[in-house]
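next one to model:
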Amino acid sequence: MSENAVEFYWRPGCGFCMNLERALTQAGLPYTKVNIWEDPDAAARVRSVANGNEIVPTVFVGPAAMVNPSLREVTAAVREHAPELLPQA
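So this is what the prediction gives:
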């Protein structure tokens, strides 16, 4: 998908998704949102890393896949796989 942003898989009504989205925005991390209810391929990608379940939020940063991650986990993955995405201090 996107090479220049965190891939954020979500679905409407997900409180965990809203919380993580807010945290990503506040942290200044660029992300691309993908609604798994509107994109069957996205839902399949989530199932592929979530033991067959459609658990969201699921986040991809390069080769790293995280199911219901914390902002700290996402930031660590960005630091390792896409440091150019980190906001400049």
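
going forward, measure contacts and count neighbours with C-alpha atoms only.
Fine.

and the strands in the chain?
6-10, 31-35, 58-61, 64-67 (DSSP state E).

can I get those strands in TSV with mean pLDDT and distance to L85?
What follows is those, written out as TSV (pLDDT from 0 to 100; distance: least, C-alpha to C-alpha, whole Å):
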stretch	mean pLDDT	distance to L85
strand 6-10	96	8
strand 31-35	96	9
strand 58-61	97	10
strand 64-67	96	15
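
and those as a markdown table, adding distance to G52?
Converted to a markdown table, these look like this (distance: least, C-alpha to C-alpha, whole Å):
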| stretch | distance to G52 |
| --- | --- |
| strand 6-10 | 15 |
| strand 31-35 | 17 |
| strand 58-61 | 13 |
| strand 64-67 | 12 |
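
as a markdown table, those strands with mean neighbour count and distance to T25 would be great.
As requested, these are exported to a markdown table (neighbours: other C-alpha atoms under 10 Å; distance: least, C-alpha to C-alpha, whole Å):
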| stretch | mean neighbour count | distance to T25 |
| --- | --- | --- |
| strand 6-10 | 24 | 11 |
| strand 31-35 | 17 | 8 |
| strand 58-61 | 24 | 14 |
| strand 64-67 | 16 | 18 |
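
closest one to A23 among those strands?
Nearest of the strands of the chain to A23, taken as C-alpha to C-alpha: strand 31-35 at 11.3 Å.

quickly note the distance from the nearest residue in space to A64 that is not next to it in sequence to S70.
Leaving aside its chain neighbours, A64 sits nearest to A77 (6.7 Å; criterion: C-alpha to C-alpha, 6 or more residues apart in numbering). As judged by C-alpha to C-alpha, to the nearest Å, A77 and S70 stand 11 Å apart.
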